[in-house]
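1. what would the 3D arrangement of this be:
(one chain, ligands or ions: 2)
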Amino acid sequence: MLGNFKYSNPTTLYFGKDALNALRDELKQYGPTIMLSYGGGSIKRNGIYDAVIEVLQTCGKHIVEDAGVMPNPTAEKLREGVNLAKANKVDLILAVGGGSTIDYAKAVSVAVDCDKDPWTHFFLERNEPQGKIVPVGAILTMVGTGSEMNGGSVITDSATGLKIGHVFAENVFPKFAILNPEFTYTIPAYHMVAGFFDIMSHIMEQYFSNTDDNTSDYLAEGLMRSLIHSSRIAVLNPQDYEARSNIMWVATWALNTLISKGKDGDWNVHMLGQAIGGVTNATHGMTLAAVSLPYYRRIMKAGLPKFVRFATNVWDVATDGRTEEQIAVIGLERLEDWMRELGLVMHAAELGLSEANLEKTADGVFLIGSGYKPLTREFVLEILKASL
Ligand code: NZQ
Ligand code: ZN
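-> Ligands and ions are numbered 1, 2, ... in the order given. This is a model prediction of the structure:
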């Protein structure tokens, strides 16, 4: 049964080959000083930086350059960004990049009007913003996280190896997001497929809960089928616009709060993956890939009817003559085949997890108590060992 919920999403989204044309009009709504946040330089190599600068300049904006947002953005970089934004009294933070840059921009946006240390206050202690929030605009260049249309922000403290996400309310969502699938063509294959799995994981983690007849689950199944279909095309031809644009759109819907409505979720794979990322600095989607099968195979019996539904409705596993358990097992085998087809990392040892840092990693897993079989420390260690 669908539970009670409110649904609204304040992000205005522009999609398609001409999406950047919307930037000029959007900028009219904001003051003169724009903080341009971006990553390690991919946007300079693929021309997106020049295109954005041209719009900013012709709109007469004063640009505050904020380069070097790293994958898995750090607390240290966040503090630098907050100081820069404060010193320049910025009117808008324009994040050009993937989830890391957009997440970072949101974290800066809530911390500008706050005297506390941003990592401690918003991530360790998870306080909600009280002061003024600087508006954020996003130009997406890497597909996967859904950060372009949600309140998520994930920051890593490299000093302690803790990676923590804060899901902020609607007032922190990007005010607008520009999604041109062609901007994603230059993503290296490793990051592209990591993003594909991140999308799948977001959907699965909202899907695997309850057993009832829930519209959100039918939406999730449709999104998974679209992703599986288009990803198979995109790995063979990364410049297939149809496939890349469909995946970009799936990624946004996978985590813009829609498919979680009226139901529980199970975010344990993200809790495990985040802990691995905190200790190893590995690519987010790959950390999820490494732990997913060990995790799902262990909870399968506890949520059997849903795993049967996953096998039949997402992977077209025929039911005839098979037990429920056999059907569910085949569903997870199909998931594994698809993951191998994409070339995902299947073992966390390849990401830097080892017996030596297993306990530390387990310390960083948040036991959120959701899912068919809630995580305990013992269960965490079992999954992490199995993922090596
Ligand atoms: O830094 P640059 O030089 O731009 O290179 C990036 C980076 O190395 C590169 N890249 C991005 N767009 C490119 C490109 N290279 C060539 N051409 C392009 N068009 O790709 C690399 C990865 O980028 P990153 O932003 O780190 O990837 P992603 O979008 O996967 O973001 C990962 C971060 O988002 C968090 C993760 O934990 C991680 O910290 N997440 C955020 C969520 C949210 N806001 O709701 C939810 C997710 O579950 C996730 O936790
Ligand atoms: Zn994710």
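2. quick check on residue 97: phi, psi?
-> Main-chain dihedrals, residue 97, degrees, to the nearest 10: phi 160, psi -150.
3. go on, residue 46?
-> Per degrees, to the nearest 10, the backbone of residue 46 is at phi -100, psi 10.
4. against ligand 1, how distant is the closest residue to it other than its chain neighbours?
-> Leaving aside its sequence neighbours, residue 46 sits nearest to residue 186 (Cβ to Cβ, 6 or more residues apart in numbering; 4.4 Å). Yep, even glycine has a C-beta here, placed from its N, CA and C like the rest. Distance, residue 186 to ligand 1, using Cβ to the nearest ligand atom, to the nearest Å: 4 Å.
5. now do residue 278
-> 9 Å.
6. helices or strands up against the helix or strand encompassing that residue?
-> According to DSSP states H and E, residue 278 maps onto helix 268-280. Here helix 268-280 touches strand 152-157, strand 162-167, helix 189-207, helix 284-299, helix 358-363, helix 377-387, going by 3 or more Cβ pairs under 8 Å, 6 or more residues apart in numbering; DSSP states H and E.
7. one more time with 6 Å
-> strand 162-167, helix 284-299, helix 358-363 (3 or more Cβ pairs under 6 Å, 6 or more residues apart in numbering; DSSP states H and E).
8. those: which one's closest to residue 254?
-> With Cβ to Cβ as the measure, helix 284-299 is the member of these nearest residue 254 (12.3 Å).
9. can you pull the buried residues of the closest one?
-> The neighbour-count check on helix 284-299 (16 or more other Cβ atoms under 10 Å) flags 284-297, 299 as buried.
10. ok, and of the residues you listed, which contact ligand 1?
-> By Cβ under 6 Å from any ligand atom, the members of these lying near ligand 1 are residue 284.
11. closest to residue 238 among the buried residues of helix 284-299?
-> For the buried residues of helix 284-299, the nearest to residue 238 is residue 285 (15.8 Å; Cβ to Cβ).
12. hang on, isn't that closest one packed against residue 197?
-> Yes - between residue 285 and residue 197 there is a contact under Cβ atoms under 6 Å: 4.5 Å.
13. and for residue 138, the neighbour number?
-> 29 (other Cβ atoms under 10 Å).
14. what secondary structure does it sit in?
-> strand (DSSP: H, G, I helix; E, B strand; the rest coil).
15. looking at this protein, which residue lies furthest from center?
-> The centre of the chain is farthest from one residue, residue 321, which by Cα atoms, centre = their mean lies 39.0 Å away.
16. part of a strand, is that one?
-> No - with three-state DSSP as the criterion, residue 321 is located in coil rather than a strand.
17. that one and residue 379, how far apart?
-> 33 Å (Cβ to Cβ, to the nearest Å).
18. cool, and residue 293?
-> Residue 293 is 15 Å from residue 379, by Cβ to Cβ.
19. and for residue 184?
-> Taking Cβ to Cβ, one finds residue 184 at 36 Å from residue 379.
20. repeat that for residue 82.
-> 37 Å.
21. let me know the pLDDT of the closest residue to ligand 1 within the stretch 201-350 of the chain.
-> Closest approach of the stretch 201-350 of the chain to ligand 1 (Cβ to the nearest ligand atom) occurs at residue 284, with a separation of 3.9 Å. Note for residue 284: predicted pLDDT of 98.
22. also residue 1?
-> Note for residue 1: predicted pLDDT of 85.
23. same check, this time on the one 10 residues further on
-> pLDDT, the model's per-residue confidence, is 98 for residue 11.
24. is it true that it touches residue 177?
-> Yes - Residue 11 sits in contact with residue 177 when judged by Cβ under 6 Å, with a separation of 5.5 Å.
25. common neighbours of the two, please.
-> residue 149 (Cβ atoms under 6 Å, 6 or more residues apart in numbering).
26. and the residue in the stretch 101-250 of the chain positioned nearest to ligand 1, what does it touch?
-> Closest residue of the stretch 101-250 of the chain to ligand 1, Cβ to the nearest ligand atom: residue 152 (2.3 Å). Contact partners of residue 152, counting by Cβ under 6 Å, 6+ apart, are 165, 167.
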